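# heads up, no residue letters with this:
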């Protein structure tokens, strides 16, 4: 199975959600990307359909927006 | 580990998120509750902090609101 990608931006909502997601999904099946520090990947996230963070992009390309931390446009 | 509980209401957004969640979380670690058909559990969901569905309540009590299908108040 391909990995999911969890995009976040380091905000408290994101960090809390990250911990929950990492607890739920088996180790090694999710990549964590911090868009606040790795701005080169904002475009990739946006193309995947990420509108806000935290968000989880599943292996089949669906985007699960989890709670609401920050809009993707605020991360550019 | 205690189970997570995934609350939904049968709407298209919920069904799509349910499939994704069930693919990501190992079998047997998540209970799925349809609040549209099982209204007796709306109060339980609300007490857990669920504001809208679909939502996933983790074993440690955190609520992850995923995308947005319906407000909990619309399910009463």
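Perfect, thanks for sending it. The structure presented is a predicted model; accordingly, all values stated were derived computationally and were not measured. Residues are numbered from 1 along each chain as shown, chains lettered A, B, ... in the order given.

# report all helices and strands that the strand or helix carrying residue A:45 contacts.
Per DSSP states H and E, residue A:45 falls inside helix A:42-48. In terms of contact count using 3 or more CB pairs under 8 Å, 6 or more residues apart in numbering or on different chains; DSSP states H and E, helix A:42-48 is assigned the packing partners strand A:52-57. C-beta here means a position set from N, CA and C on the backbone, and glycine is covered the same way.

# chain A against chain B: which residues are in contact?
Contacts of chain A with chain B, taken as CB under 8 Å from any CB of the partner chain, map to A:4, A:16-17, A:20-21, A:23-26, A:29, A:56, A:58-60, A:62, A:64-68.

# give me the buried subset of these.
A:4, A:16-17, A:20-21, A:24-25, A:56, A:58, A:62, A:64-68 (16 or more other CB atoms under 10 Å in any protein chain shown).

# now for whichever strand in chain A runs longest, which elements pack on it?
Looking across chain A with DSSP state E, the single longest strand is strand A:63-71. Counting contacts by 3+ CB pairs under 8 Å, 6+ apart, strand A:63-71 is packed against helix A:12-24, strand A:52-57, helix B:12-24, strand B:63-71.

# of those, which is nearest residue B:37?
For the helices and strands packed on strand A:63-71, proximity to residue B:37 was assessed by CB to CB; helix B:12-24 is nearest, at 12.0 Å.

# what is the mean pLDDT for the closest one?
Averaged across helix B:12-24, pLDDT comes to 92.

# same deal with stretch A:59-68?
93.

# what's in contact with that stretch?
A:1-4, A:13, A:17, A:21, A:48-52, A:54-58, B:16-17, B:20-21, B:23, B:64-68 (CB atoms under 8 Å, 6 or more residues apart in numbering or on different chains).
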